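Chemist: 3D model of this:
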Amino acid sequence: MRQLYLPAILPTTLHDKFGLHPVNWMDPKAKGTAAYYPHALISFFHWRSHQRIFTPDVHIFGDSGGYSIATVGAEIDPIEVMWWQIKNCSTGCILDVPPFILRESFGSVLGGSAATNWKEALRLTLLNTERAMPIYLDALDRGEDFRWWGVAHGETDSQLEEWHGRVSEIYPFDHPGEGWALKPHPSNNVVALARLLRFCSTVEIRNAHFLQMTGFPALFTLFALGPDHLDFASYDSTTPIIKGNKRITWSQKENGLRIIEISEVSREGETFARDFLRTCPCLSCEWMRIDLPDVKPELLSEYYKYRMCFHNVLIGLETYQLMEKFVQDNPLKALKQKLKHRFGPVMRAIGGIGEGLQEAQIPQGAPQDLLDMLK
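Modeler: Numbering: from 1, shown residues only. Presented below is the predicted three-dimensional model:
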């Protein structure tokens, strides 16, 4: 399974309003170095008025803005989204209306229940997909590189099946380069993710994007179990950018398999995060030390913000790669070590052997050496 981490960014992440010219992970100046990472997720709601500012080799996943509909009541035209995605993005998802909120209050998309506005959310999603589909099909006929992805929501198997099935009737999203975006509910829940992986196998989804999912237990689960169910998996997170904007920097612990946070100001008059960056060996911090003598004192705080965002993205990327490598040799044993008491429920949810199950409960056809791998 090929995996791809997509930092979710706002225009302000890259907008250099003070003329500081800090290099970022998608900057062509970084090409040829370990710091060049040409991947990101951007949302239509925040980027719709911006022209493409990325070089052609940068992979951009264009989020349609469904989250903004759910959280702030945004009014978004699916046709406008489609044109924007074709022009600015490598891949992008349909304009879905997440059903996991109380629409009257526009509460968090992470709360509520699928039953809250299920029928209306699905109806609007289907309508949006129908309206945008002819534009996408015309783009395919013209030979455009952009590929459209479906979205499937659901807290239960039956809800997932209904949502996926109804959207698939309009367009199946099963051509090369296409796929489906899904979201574990509750967010980052390892059992919910295991159920989604099992669902992908059931409906033959081979390319999947997991929305807002970079919790460490969830990613260990994806890296360990995903290869049995998927050819490609991507996942996005706003966390490294949000933390950087708050002057919080990341550091790795436990052989790179855990991240801790260092705040810019932990106590009055002390700046721990800046001190850490001044000795950090990553390329972002190396370039920072070259730039610092030329940064005006009144702009230092702004400059460190850019540097912390870049540093956090690199640390996140390195950590996720180490996590994937950690589980490769013995996925189930590694997963059991990391999930501990949650390992059994995860394996039962995915339809595999679970901790504490009797031998008679092992699914028929499961490899005989699974028990040995768990010792």
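
Chemist: So, low pLDDT: which residues of the protein?
Modeler: Regions of the chain meeting the criterion pLDDT under 70 cover residues 51-52, 70, 101-116, 266-269, 353-375.

Chemist: try it again with 80
Modeler: Along the chain, segments meeting pLDDT under 80 span 14-18, 21-22, 50-53, 67-74, 100-117, 265-270, 352-375.

Chemist: for residue 76, helix, strand, or coil?
Modeler: Three-state call for residue 76 (DSSP: H, G, I helix; E, B strand; the rest coil): coil.

Chemist: Partner strands of the helix or strand where residue 260 lies and their direction?
Modeler: Here residue 260 is covered by strand 258-263, with elements defined by DSSP states H and E. Sheet pairing for strand 258-263, assigned by DSSP bridges, gives strand 248-253 (antiparallel).

Chemist: contact partners of the strand it pairs with?
Modeler: Residues from elsewhere that reach strand 248-253, judged by Cβ atoms under 8 Å, 6 or more residues apart in numbering: 240, 243, 258-264, 273, 276-277, 308, 311-312, 315-316, 318-319. The C-beta positions use only the backbone N, C-alpha and C, and glycine is treated the same way.

Chemist: Ok, stretch 314-328 next?
Modeler: Residues contacting stretch 314-328 (Cβ under 8 Å, 6+ apart): 3, 5, 7, 25, 35, 37, 214, 216, 219-220, 223-224, 237, 239-240, 250-252, 255-259, 282-284, 334-335.

Chemist: Show me which residues of stretch 25-41 are buried.
Modeler: 25-27, 30, 35-41 (16 or more other Cβ atoms under 10 Å).

Chemist: Ok, stretch 318-325 next?
Modeler: Quick answer for stretch 318-325 (16+ other Cβ under 10 Å): 318-320, 323-324.

Chemist: likewise stretch 240-251?
Modeler: 240-241, 243-245, 247-250.

Chemist: Report the distance from that stretch to the chain centre.
Modeler: 17 Å (Cα atoms, centre = their mean, to the nearest Å).

Chemist: on that earlier part again, what's the next secondary structure element after the strand holding residue 260?
Modeler: Per DSSP H and E, the first helix or strand lying C-terminal to strand 258-263 is helix 272-277.

Chemist: tell me which strands and helices the next helix or strand after that following helix is in contact with?
Modeler: For helix 272-277, the following helix or strand on the C-terminal side (DSSP H and E) is helix 283-291. Judged by 3 or more Cβ pairs under 8 Å, 6 or more residues apart in numbering; DSSP states H and E, the packing partners of helix 283-291 are helix 300-328.

Chemist: What are the buried residues along the helix it packs on?
Modeler: For helix 300-328, a neighbour-count test (16+ other Cβ under 10 Å) marks 302-320, 323-324, 326-327 as buried.

Chemist: could you point out which element follows that helix?
Modeler: Scanning forward in sequence from helix 300-328 by DSSP H and E, the next helix or strand is helix 331-339.

Chemist: relative orientation of whichever helix or strand comes after that following helix and helix 331-339 in degrees?
Modeler: Using DSSP H and E, the next helix or strand after helix 331-339 towards the C-terminus is helix 343-350. What separates the directions of helix 343-350 and helix 331-339 is an angle of 130 degrees, with axes from the mean of the first three to the mean of the last three Cα atoms, to 10 degrees.
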